[in-house]
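Visitor: predicted model, plus sequence, below.
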Amino acid sequence: MHASLIRRQLGGLVPPKIATPKLVSGGSGAGLGPLVDFYSKLPKGAAAARVSGLKGRFFNGQNASGAPLVYLIVGLFGIGYTIDYNMHLKHHKNHAH
């Protein structure tokens, strides 16, 4: 096999500074010590579940809370009240009740 073909095949699996084509394609497995040490230090077992999105971040898991929903309601009320108040002031600008 050509070195470039081996490099292309192992590119996603093996970090380039640890395993070179010469080391991998050599006859003995004695030169693979650094590679075995590298992979033995990696964590084993299932990967931790990734939390994504607003629902996963605020409403599911350990940090579950209804606070974002309360903030949304209060924010919408505040925006609506501000718009209503400004419209009321415009109503009283030129003519009183």
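Guide: Thanks, I have it.
Visitor: let me know the helix or strand that V74 is in.
Guide: Element membership for V74, per DSSP states H and E: helix 67-94.
Visitor: list the buried residues in that helix.
Guide: Using 16 or more other CB atoms under 10 Å as the burial criterion, none of the residues of helix 67-94 qualify. Using the backbone N, CA and C atoms, a C-beta is placed for each residue, glycine as well.
Visitor: so what's the gap between it and the chain middle?
Guide: 35 Å (CA atoms, centre = their mean, to the nearest Å).
Visitor: for it, give the mean pLDDT please.
Guide: Here helix 67-94 scores 91 as its mean pLDDT.
Visitor: repeat that for stretch 36-43.
Guide: 84.
Visitor: just the CA coordinates of that stretch, formatted as CSV?
Guide: Taking Å, rounded to 0.1, in the frame of the first residue of the first chain, the C-alpha atoms of stretch 36-43 are listed here in CSV:
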residue,chain,number,x,y,z
VAL,A,36,-1.7,2.6,22.4
ASP,A,37,-0.9,5.0,25.3
PHE,A,38,-2.8,7.8,23.7
TYR,A,39,-5.9,5.7,23.2
SER,A,40,-5.8,4.1,26.6
LYS,A,41,-6.0,7.6,28.2
LEU,A,42,-9.3,8.4,26.4
PRO,A,43,-12.5,8.2,28.4
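Visitor: show me the contacts for the residue lying closest to S65 once chain neighbours are set aside.
Guide: Once flanking residues are discounted, S65 sits nearest to F58: 6.1 Å by CB to CB, 6 or more residues apart in numbering. Contacts of F58 were listed using CB atoms under 8 Å, 6 or more residues apart in numbering, and they are 64-65, 67-68.
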